[in-house]
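Undergrad: Here's a sequence, model it:
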Amino acid sequence: MKRNRKLPFISLIILGFYSGTWMCSAFFQSAKDICSQYLVTGEQGVSDVALTASSTRHSTRPSDNYGPERARLNATAHIDNTGVYQRGAWSAQYEDIYQFIQVEFRTVSVVRGVVIKGRNVYPGDGCCYQRVTHFKVLYSLDGKRWKTIQDNANTDVYFQGNVDQDSPVVHMFQCPVIARFLRINPQTWLNHISLRFDVIGCAMATRELLALAAESKRKKIVLKNGCVNFCWGKANGYYQACSDCQEYVTCANSYMYRRPCPAFLRWDDTLKKCLYNSQTCHYTF
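TA: Have a look, this model is predicted:
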């Protein structure tokens with residue numbers, strides 16, 4: 001059956017706000033407490049069929065399972081009551097930088113970060129010490145066109161992976177993204193590509209999130225010193241962003257880099273600092 005991927009009208013309003021800059025703004029900083037669910041294994045998690053992979057390790061034993069569903073964060077190696085050896089992670093068939101584990105969320109979601117573990121070792125045979133040590137994260141709205149999580153310099157981020165088998169490593173993105181699909185793409189690994197993971201965020205249609213979006217839409221920014229939309233010809237330095245009081249920009253050799261203030265702080269363009277009470281930027285409704 002074909003899945004209906006039409007977005008609720010209110011979600012389209014949120015998407016209308018979307019840009020890499022806006023996602024770093026006050027709206028999503030305020031939303032962090034209500035947008036921290038586990039999207040793979042949490043209450044609103046996905047079924048096994050929503051987990052797919054570039055490849056799955058072939059075994060000489062027909063009762064072995066290395067499949068994508070073994071990539072759930074808290075999967076443990078065990079032999080189930082049917083005699084199937086449920087391995088302690090998803091394992092790729094091939095060892096190259098093009099392998100990935102993928103999840104399709106139940107709906108378009110705000111993704112704030114990822115958490116990753118190595119392969120759980122089965123105590124019965126001590127197998128196997130494998131983990132991913134560096135990885136990229138890719139995301140997509142349609143499963144066809146993919147973007148890679150990048151830093152402020154528009155460079156792909158290489159996330160640090162695991163140093164042991166079972167300790168979770170959490171990475172929160174500098175700017176949240178909106179996605180229906182997400183991939184973990186291993187770049188370096190120990191012994192073999194094997195991992196478990198989850199994704200931190202929430203559905204776009206979360207009631208509290210939609211309320212915050214409506215509030216954010218009503219805000220108008222009042223600026224005392226003006227703002228900067230581009231840096232061509234500007235002296236190197238820090239300036240008020242035009243998009244939000246909680247953002248500023250860095251101009252460097254005519255290139256512009258957008259920066260978010262820490263949560264609940266606003267940019268003061270006179271003092272060139274993020275402060276609780278800015279004298280140069282405030283909101284009105």
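Undergrad: What number of residues are in the vicinity of Asn65?
TA: Asn65 has 17 neighbours, counted by other CB atoms under 10 Å. (C-beta placed from N, C-alpha, C; glycine too.)
Undergrad: so it sits right up against Ala89, yeah?
TA: No: contact between Asn65 and Ala89 fails when scored by CB atoms under 8 Å: they sit 10.8 Å apart.
Undergrad: buried sites along stretch 276-285?
TA: Ser278, Thr280, Cys281 (16 or more other CB atoms under 10 Å).
Undergrad: Which residue ranges of the chain form helices?
TA: Secondary structure of the chain (DSSP state H): helices at 9-17, 26-30, 207-218.
Undergrad: Lowest average pLDDT across the ones you listed?
TA: With a mean of 42, helix 9-17 has the lowest mean pLDDT of those.
Undergrad: would you list the buried residues of stretch 276-285 in CSV and tack on pLDDT and distance to Ser55?
TA: Shown next, in CSV, are the buried residues of stretch 276-285 (pLDDT from 0 to 100; distance: CB to CB, whole Å):
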residue, pLDDT, distance to Ser55
Ser278, 92, 52
Thr280, 94, 54
Cys281, 92, 50
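Undergrad: Take those and keep only those in strands.
TA: Cys281 (DSSP state E).
Undergrad: of all the buried residues of stretch 276-285, which comes closest to Val222?
TA: Cys281 (7.1 Å; CB to CB).
Undergrad: neighbours around Val222, how many?
TA: For Val222, using other CB under 10 Å, the count is 10.
Undergrad: ditto for the one 3 residues further on
TA: When neighbours are counted by other CB under 10 Å, Asn225 registers 12.
Undergrad: thinking it is in contact with Cys242, fair?
TA: No: between Asn225 and Cys242 there is no contact under CB under 8 Å: 11.6 Å.
Undergrad: any idea how far Leu73 is from Leu265?
TA: From Leu73 across to Leu265, the span is 32 Å (CB to CB, to the nearest Å).
Undergrad: Flag the shaky bits of the stretch 51-200 of the chain, pLDDT-wise.
TA: Nowhere does the stretch 51-200 of the chain drop to pLDDT under 70.
Undergrad: In contact with the residue positioned nearest the centre of the chain, which residues?
TA: Centroid-nearest residue in the chain: Gly113, 3.7 Å away (criterion: CA atoms, centre = their mean). Counting by CB atoms under 8 Å, 6 or more residues apart in numbering, Gly113 makes contact with Val170, His171, Met172, Phe173, Val199, Ile200, Gly201.
Undergrad: how far away is it from Val222?
TA: Note on Gly113: its distance to Val222, by CB to CB, is 33 Å.
Undergrad: got the contact list for Ile184?
TA: Per CB under 8 Å, 6+ apart, neighbours of Ile184: Phe100, Ile101, Gln102, Val114, Ile116, Val132, Phe135, Lys136, Val137, Leu195, Phe197.
Undergrad: try it again with 10 Å
TA: 53, 71, 90, 99-103, 114, 116, 132, 135-138, 159, 161, 195-197, 199 (CB atoms under 10 Å, 6 or more residues apart in numbering).
Undergrad: cool, Val111 as well?
TA: By CB under 10 Å, 6+ apart, the contact list for Val111 reads 23, 35, 39, 105, 137, 139, 149, 173, 176-180, 182, 199-202.
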